[in-house]
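Novice: sharing a model that was predicted from the sequence below.
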Amino acid sequence: MTDTAKSLADNGVRSVFVAGPFYGLVDEKTGVMDEASQQRITMLIDYFEQAGCKVYNAHRREAWGKEFLTADVCTKLDFDEIAAADIWVGYPGPPVSPGTHVEIGWASATRKPMVVLLEKDARHSFLVTGLASFANVAYVEFTEPSEILPQLPAAIEKVMGAGAARAA
Ligand code: 5HM
């Protein structure tokens, strides 16, 4: 078992919902998200899947924009999958992602543990940076996406670990 797999298992993470900007990133010409934006999502999917977790993710499910579901179908699916996941991990943007902000609302209202990935020096909604006032959230700040994965174990431990259980 890898260190990541052990740490996730020890913290009770068997499944995760990976979220981030989608519709606003789909290029009209290609019909898909650009490579770098796909990579920011794929990096998270791989991190959790290689550790044996079930990953719920709309970008991959909808082929990065090529196979959009209808609004009714993806909305209900996302709501149910967030409920089923042990933890929500995502980028609210930039580009500011309306759907991701809706998901943060659902997740925080249902006490879902969350790791919110925030680009440094970007403007974020007060209702995102203020979540720690009532929700079970950890923030990971980054300039480059490569700075995210090294910070994930501590963030996950914060919302899933013994400390989070005591605070609940
Ligand atoms: O508003 P935006 O597309 O950026 O919202 C992205 C979030 O909404 C993603 O985390 C994804 O889970 C969900 N979503 C989806 O499931 C969004 C769209 C397009 O708006 C979609 N399926 N087709």
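Specialist: Now that the structure is in, tell me what you want to look at. The structure presented is a predicted model; accordingly, all values stated were derived computationally and were not measured.
Novice: quick check: which element contains the residue of the chain found nearest the ligand?
Specialist: Closest residue of the chain to the ligand, CB to the nearest ligand atom: residue 99 (2.1 Å). Every residue, glycine included, has its C-beta placed from N, CA and C. Secondary structure from DSSP states H and E places residue 99 in helix 98-109.
Novice: so is the next helix or strand after that helix next to the ligand?
Specialist: Next in sequence after helix 98-109, counting helices and strands by DSSP H and E, comes strand 114-119. No - judged by CB under 6 Å from any ligand atom, strand 114-119 and the ligand are separated, with a smallest distance of 11.8 Å.
Novice: where exactly do the strands run in this protein?
Specialist: Applying DSSP state E to the chain gives strands spanning 15-19, 54-57, 87-90, 114-119, 137-142.
Novice: restrict the fourth one to CA atoms and write it as CSV.
Specialist: In other words, strand 114-119. Taking Å, rounded to 0.1, in the frame of the first residue of the first chain, the C-alpha atoms of strand 114-119 are listed here in CSV:
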residue,chain,number,x,y,z
MET,A,114,-14.4,19.9,1.8
VAL,A,115,-11.0,20.8,0.5
VAL,A,116,-11.2,24.1,-1.5
LEU,A,117,-8.3,24.8,-3.8
LEU,A,118,-7.7,28.6,-4.1
GLU,A,119,-5.4,30.3,-6.5
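Novice: tell me how far the residue of the chain positioned farthest from its centre lies from residue 11.
Specialist: Centroid-distance maximum for the chain: residue 29 at 26.9 Å, with CA atoms, centre = their mean. Distance of residue 29 to residue 11, computed by CB to CB, to the nearest Å: 42 Å.
Novice: may I have stretch 12-25 exported as CSV, CA atoms only?
Specialist: The C-alpha trace of stretch 12-25 is given here as CSV (Å, rounded to 0.1, in the frame of the first residue of the first chain):
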residue,chain,number,x,y,z
GLY,A,12,-11.8,7.2,6.0
VAL,A,13,-11.6,8.5,2.5
ARG,A,14,-12.9,5.8,0.1
SER,A,15,-14.6,8.1,-2.4
VAL,A,16,-14.2,11.7,-3.5
PHE,A,17,-16.1,14.2,-5.7
VAL,A,18,-13.7,16.3,-7.8
ALA,A,19,-15.0,19.6,-8.9
GLY,A,20,-13.9,22.7,-10.8
PRO,A,21,-14.7,25.2,-13.6
PHE,A,22,-16.2,23.4,-16.6
TYR,A,23,-18.7,25.1,-19.0
GLY,A,24,-16.7,28.4,-19.1
LEU,A,25,-13.6,26.5,-20.1
